[in-house]
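*Asks:* After the sequence you'll find the predicted model.
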Amino acid sequence: MSANRGWWAPPEGEDSVSEKLLRKTRESPLVPIGLGGCLLVAAYRIYRLKARGSTKMSIHLIHTRVAAQACAVGAIMLGAVYTMYRDYIKKTAQDTREK
């Protein structure tokens, strides 16, 4: 069965997961930073689970989720602001200088 190359091989013409991740990282470098921040906050809050004191478990987990999402959303917002700056303000300034 030469047609069965294995379950991990992508179909012809499609990128693998690592190639997609590298391409997306080049296009928008703040997304992996946001993902890393999200994972770090979640890991830290789970590590601090024993020191939560009298806080209920559900409240602690909700705060963990909100903090992790804030990192991801913050990175997305920074990326959007940077992209708008690069596309509109910087481009307009260069066009003005060329005239």
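*Replies:* Yep, it's here. Source: prediction; values computed, not measured.
*Asks:* And the helix-or-strand element of the chain with minimal mean pLDDT, how far out from the chain middle?
*Replies:* For the chain, using mean pLDDT, DSSP states H and E, the weakest element among its helices and strands is helix 91-98, scoring a mean of 73. Centre-to-centre, helix 91-98 and its host chain are 31 Å apart (Cα atoms, centre = their mean, to the nearest Å).
*Asks:* list the helices and strands it packs on?
*Replies:* Helices and strands touching helix 91-98, by 3 or more Cβ pairs under 8 Å, 6 or more residues apart in numbering; DSSP states H and E: there are none. The C-beta positions use only the backbone N, C-alpha and C, and glycine is treated the same way.
*Asks:* Helix, strand, or coil at residue 55?
*Replies:* Secondary structure, DSSP: H, G, I helix; E, B strand; the rest coil: residue 55 is coil.
*Asks:* swap in the one 5 residues further on?
*Replies:* For residue 60, the secondary structure call by three-state DSSP comes out as helix.
*Asks:* Can you give me the distance of the residue nearest to the spatial centre of the chain to residue 78?
*Replies:* Nearest to the mean C-alpha position of the chain, by Cα atoms, centre = their mean, lies residue 31 at 3.1 Å. Per Cβ to Cβ, to the nearest Å, residue 31 is found 10 Å from residue 78.
*Asks:* tell me the contacts of the residue nearest to the centre of the chain?
*Replies:* Taking Cβ atoms under 8 Å, 6 or more residues apart in numbering, we find residue 31 in contact with 24, 25, 75, 76, 79.
*Asks:* Leaving out chain neighbours, which residue sits closest to the third one?
*Replies:* Nearest in space to residue 75, with sequence neighbours left out and distances taken as Cβ to Cβ, 6 or more residues apart in numbering, is residue 34 at 2.5 Å.
*Asks:* If we go by neighbour counts, what in the helix or strand that contains the one you found is buried?
*Replies:* Here residue 34 sits within helix 30-47, counting by DSSP states H and E. By neighbour count on 16 or more other Cβ atoms under 10 Å, the buried set for helix 30-47 is 30, 31, 33, 34, 37, 38, 41, 42, 45.
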